[in-house]
Structure formats: structure tokens, C-alpha cells
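S.K.: Quick one: sequence plus predicted model below, questions after.
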Amino acid sequence: MDTLRVIMEYEYRCGSNAAQAARNINDVYGANTTNECTTCYWFARFRSGNLDMKNERRGRPKTLVDNDELKAIVEADDTQFMAELAADFDVSIKTILVHLRQIDKVKKLAKWVPHELNDCQREVRVETCIAQQTHK
């Protein structure tokens, strides 16, 4: 709990307006301790009946992306767009991109694929190339 807010509540309960309260606080605790705009904000909260001294949460709610769940979704449907994945997990596209990198997935030719090929995938590609060269 912020001591300054308690002092503002005291000033509010004493019947001061925001400008008077800001001046009183600055006179006692030093110039620029608070300003009228900040005091107005807190007085409005007090008037609405909200005497909670904590700041309200700002911004998008923080949700964690379960990498195992993300990997299962991407492997089940590798054509999804990052915006769709972000909406599914209720996070930003940048957050999805970070988690896709963590599970070694990159988008190639409109599909999510492993960032690195495993040995089996490399062999299949070599065999495919050899087969195509023999058919020419």
C-alpha cells in the first residue's frame, strides 16, 4: 500500500478538493510529491466507493502458453496462421512466435514444420532428389 494514497484518502475524507489536497501534500512532503491530476484520479476512485489502494491491472491479461498443447495443435493442423493461434491462446502474435521458436517450429510454404530436419527426413529428401534426377 502506498503511503501517499493513504494521505490522499485522508485529505478526501477531510473534505478537501483535489487541488487543495495536492497543495497540502506538496507543502508538507516537498514540491512535486504529487500533482493535481493524480490526486483527481484517486479522489474520483474514492468518490465511486473504491477505497482499494492498489492499482488496477493494466494491459492484456497474462496467460501462459503451454508449449506441449501448442505443439499438439500445430502438428494436428500445420496450416494455421499465427493470428489464429494467438486468438486460441488469447495472447499476442509475438508471444506465439516466441513459443513456436521454443518448440522448434518455423513456417515454410504455409505449414509449420520442425526447424531442423531429423535423420529420417534428410534421407527421404536425398532419395527424392536422386529419384527425380534419374527420371530426367
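M.R.: Cool, the structure landed.

S.K.: C-alpha from now on. contacts and neighbour counts both.
M.R.: Noted.

S.K.: Could you chop this protein up by domain?
M.R.: Here the domain parsing of the chain from automatic domain parsing is 3-47, 68-134.

S.K.: how long is the longest one end to end?
M.R.: Pointing back at domain 68-134 there. Distance between the boundary residues of domain 68-134 (Cα to Cα, to the nearest Å) amounts to 41 Å.

S.K.: Poorly predicted segments of this structure, please.
M.R.: By pLDDT under 70, the weakly predicted segments of the chain are 1, 55-64, 108-115, 136.

S.K.: in it, which spans are helices?
M.R.: In the chain, the segments counted as helices under DSSP state H are 3-13, 18-29, 36-47, 67-76, 82-89, 93-102, 119-134.

S.K.: Now render those helices as TSV, adding distance to Met53.
M.R.: Compiled in TSV, the helices of the chain are given as follows (distance: least, Cα to Cα, whole Å):
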stretch	distance to Met53
helix 3-13	7
helix 18-29	17
helix 36-47	9
helix 67-76	36
helix 82-89	31
helix 93-102	31
helix 119-134	59
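
S.K.: any chance of those in TSV, plus mean neighbour count and distance to Lys54?
M.R.: Formatted as TSV, the helices of the chain follow (neighbours: other Cα atoms under 10 Å; distance: least, Cα to Cα, whole Å):
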stretch	mean neighbour count	distance to Lys54
helix 3-13	16	9
helix 18-29	17	19
helix 36-47	16	11
helix 67-76	14	33
helix 82-89	15	28
helix 93-102	16	27
helix 119-134	10	55
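
S.K.: Number of residues surrounding Thr79?
M.R.: Residues within reach of Thr79, counting by other Cα atoms under 10 Å, total 15.

S.K.: Quick check: the gap between it and Val126.
M.R.: Distance from Thr79 to Val126, by Cα to Cα: 25 Å.

S.K.: Please apply the same query to Glu69.
M.R.: According to Cα to Cα, Glu69 stands 32 Å off from Val126.
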